[in-house]
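Undergrad: coordinates only, sequence not included:
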């Protein structure tokens, strides 16, 4: 059939040519941009997925930048702490050198004090000057703020806490097992009675965590004399003595200076010198069990180890006990009167006073041991901004007025001494002050600074370092996933280009032929 008005073949050829042209243009666009998806109509679902992945990639890159900046901040803080640590080590040497009092003139002691004053000023200067972009790092600016601290707490450190915006954390501590000192009880039934012997000596060996001493007593020696002799060497043995009075008799209590399972007391009778065994004379172990700490009660219901018995001559020994505590439902790691938990949301270290540590129950009652109400150094180390993606660490004040903080006397909490107490004219100065107390304070300050450096180092290595590695892997995988969805496959698109070019050329030729076909109808008019 030959028609002039309607050229169906031409219309088909035009449609195919238009389709081939669109395919060719799409292929050229993909090859020129390198993307398979350039607009929503290319692949609506793929566009949504790839845009989500692009947003995740951007957030991951920002989180990596945050982590790297966090690492640099920690490096600056570590540098300041390293200098403080070196100064404290030098301070320790000056105290030891000045303790050689007979070998030093007054002028030399005063010169050492001048050095100590200079060191203390430098410590304060470092604490105040160490900063990151103007934000001070070691002056307590990044320490956590607390309130409602129970009177049963001697000291505490909040090393880390994740707080919701405007929120707080109540720290609930429950003492489930009391802390105990090691203790051994002696009963001499009054003054030492060697049954008339004027030449024999009642000799015992007292041993504690720090060391041992052998002590001898003549007939007639009072209980007070025995206590005084033991206490003379407390700094050497780690054992202190005192009276314990029960309803039936008086005992001498020899107990460890410290609490915990690492502390112990051992009494060994080297020579009983015929002291006798009548009236319950001998060595008693501390009582086990009950609500009262072992160190407070002799086990009078148990077996008395007579001074001339084999057990007493081999040594009667008792060990202390660490406190057992749960903090916010988590079983704490404990030592002596100290307890610590370290979780993703809370890292707190608490030392309880003697009364609280030796009494089972909830510390501070329903209000808790303390409340954390803010502060800390908070870092965003994840792509998603929520509490799980944040990390918070506390950096305590390392100024001289804050470092140390231990009891150097017998006055309880009122006798807390700090590094600043080593300054001229203070109680722990090296010219005429308490050098033994000064050394204890400096040792504690060194421990505190080392602990902070260790926490920062662990934070850098395990938290920041691992986070950077993990985020980089996530970024790589997200990029790969986006590439699979959105990027053009050049091999496939090149093949498609060749095919489209051939089809377009063919459809163009066919359209020309189709347009010529109606002309054949003119032959009928001739």
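TA: Perfect, I can see it now. Remember, it's a predicted structure, so these values are computed and weren't measured experimentally.
Undergrad: Chain neighbours aside, what residue packs nearest to residue 318?
TA: Spatial nearest neighbour of residue 318, excluding adjacent residues (CB to CB, 6 or more residues apart in numbering): residue 182 at 4.7 Å. Where you see a C-beta, it was placed from the backbone N, CA and C, and this is true even at glycine.
Undergrad: Counting by contacts, list what the longest helix along the chain packs against.
TA: Longest helix in the chain by number of residues, with DSSP state H as the criterion: helix 44-98. Applying 3 or more CB pairs under 8 Å, 6 or more residues apart in numbering; DSSP states H and E, one finds that helix 44-98 makes contact with helix 106-129, strand 131-132, strand 377-380, helix 435-458, helix 466-486.
Undergrad: If we use 6 Å, what do you get?
TA: Helix 44-98 is packed against helix 106-129, helix 435-458, helix 466-486, with contacts defined by 3 or more CB pairs under 6 Å, 6 or more residues apart in numbering; DSSP states H and E.
Undergrad: Check which element follows the shortest one along the chain.
TA: Past helix 466-486, further along toward the C-terminus, the next helix or strand under DSSP states H and E is helix 490-516.
Undergrad: can you tell me how far the residue nearest to residue 82 when sequence neighbours are not counted sits from residue 395?
TA: Nearest residue to residue 82, sequence neighbours excluded (CB to CB, 6+ apart): residue 453, at 7.2 Å. Relative to residue 395, residue 453 is positioned 11 Å away (CB to CB, to the nearest Å).
Undergrad: Settle it for me: which of those two has more neighbours?
TA: Using other CB atoms under 10 Å as the criterion, residue 453 and residue 395 rank with residue 395 on top: 28 against 17.
Undergrad: Can you check the pLDDT for the more buried one?
TA: In this prediction, residue 395 carries a pLDDT score of 92.
Undergrad: what's the answer for residue 276, then?
TA: pLDDT, residue 276: 70.
Undergrad: Adjust the sequence numbering to begin at 10 for everything that follows.
TA: New numbering, starting at 10: the last item is residue 285.
Undergrad: still on that earlier bit, how far off centre is the host helix or strand of the residue nearest to residue 327?
TA: Element membership of residue 191, judged by DSSP H and E, is strand 190-196. In terms of CA atoms, centre = their mean, to the nearest Å, the centre of strand 190-196 is found 36 Å from the chain centre.
Undergrad: Next, the residues that contact it from outside, please.
TA: Contact partners of strand 190-196, identified using CB atoms under 6 Å, 6 or more residues apart in numbering, comprise 260-265, 268, 272-274, 276, 289-290, 292-293, 295, 304, 307, 325, 327-329.
Undergrad: Selection in PyMOL covering whichever of the residues you listed are buried, please.
TA: Restricted to buried positions by 16 or more other CB atoms under 10 Å, the PyMOL selection for those reads:
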select buried, resi 260+261+262+263+264+265+268+272+273+274+276+290+292+293+295+304+307+325+327+328+329
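Undergrad: Helix, strand, or coil at residue 183?
TA: strand (DSSP: H, G, I helix; E, B strand; the rest coil).
Undergrad: show me where the stretch 110-259 of the chain has helices.
TA: 115-138, 232-241, 243-246 (DSSP state H, counting those that start in this stretch).
Undergrad: Turn these into CSV, columns for distance to residue 67 and mean neighbour count.
TA: Converted to CSV, these look like this (distance: least, CB to CB, whole Å; neighbours: other CB atoms under 10 Å):
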stretch, distance to residue 67, mean neighbour count
helix 115-138, 36, 16
helix 232-241, 69, 16
helix 243-246, 63, 16
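Undergrad: Adding mean pLDDT and distance to residue 318, write the ones you listed out as a markdown table.
TA: A markdown table is the format used below for the helices of the stretch 110-259 of the chain (pLDDT from 0 to 100; distance: least, CB to CB, whole Å):
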| stretch | mean pLDDT | distance to residue 318 |
| --- | --- | --- |
| helix 115-138 | 94 | 52 |
| helix 232-241 | 93 | 19 |
| helix 243-246 | 92 | 23 |
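Undergrad: Any idea which of those helices gets closest to residue 359?
TA: helix 115-138 (23.9 Å; CB to CB).
Undergrad: so where's the chain uncertain?
TA: Low-confidence segments of the chain, defined by pLDDT under 70: 10-13, 205-208, 255-258, 286-288, 297-305, 309-311, 417-423, 502, 530-531, 533-535.
Undergrad: Mind splitting it into its structural domains?
TA: The record's domain split for the chain, according to automatic domain parsing, is 17-43+497-534, 44-149+385-496, 190-328.
Undergrad: Out of those, which gets nearest to residue 368?
TA: Closest approach to residue 368 among the domains of the chain (CB to CB): domain 190-328, 7.9 Å.
Undergrad: tell me how far the ends of that closest one are from each other?
TA: One end of domain 190-328 to the other measures 7 Å (CA to CA, to the nearest Å).
Undergrad: rewinding a little: partner strands of the strand holding residue 191, with direction?
TA: strand 259-268 (antiparallel), strand 291-294 (antiparallel) (DSSP bridges).
Undergrad: After the shortest one, which helix or strand is next?
TA: Scanning forward in sequence from strand 291-294, with DSSP H and E defining helices and strands, the next element found is helix 319-323.
Undergrad: repeat for the longest one
TA: The C-terminal neighbour of strand 259-268 among helices and strands, as given by DSSP H and E, is strand 273-280.
Undergrad: elements contacting that following strand?
TA: Contacts defined by 3+ CB pairs under 6 Å, 6+ apart place strand 273-280 against strand 190-196, strand 211-217, strand 325-328.
Undergrad: quick revisit: mind putting the strands paired with strand 190-196 into TSV with distance to residue 473?
TA: Shown next, in TSV, are the strands paired with strand 190-196 (distance: least, CB to CB, whole Å):
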stretch	distance to residue 473
strand 259-268	36
strand 291-294	51
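Undergrad: To residue 357, which of those strands lies closest?
TA: Short answer: strand 259-268, nearest of the strands paired with strand 190-196 by CB to CB, at 19.4 Å.
Undergrad: Run through who's touching the closest one.
TA: 188, 190-196, 217, 232, 235, 247-251, 253, 272, 274, 304, 307, 329, 345-346.
Undergrad: angle of that strand against strand 273-280?
TA: Orientation check (axes from the mean of the first three to the mean of the last three CA atoms, to 10 degrees): strand 259-268 against strand 273-280 gives 140 degrees.
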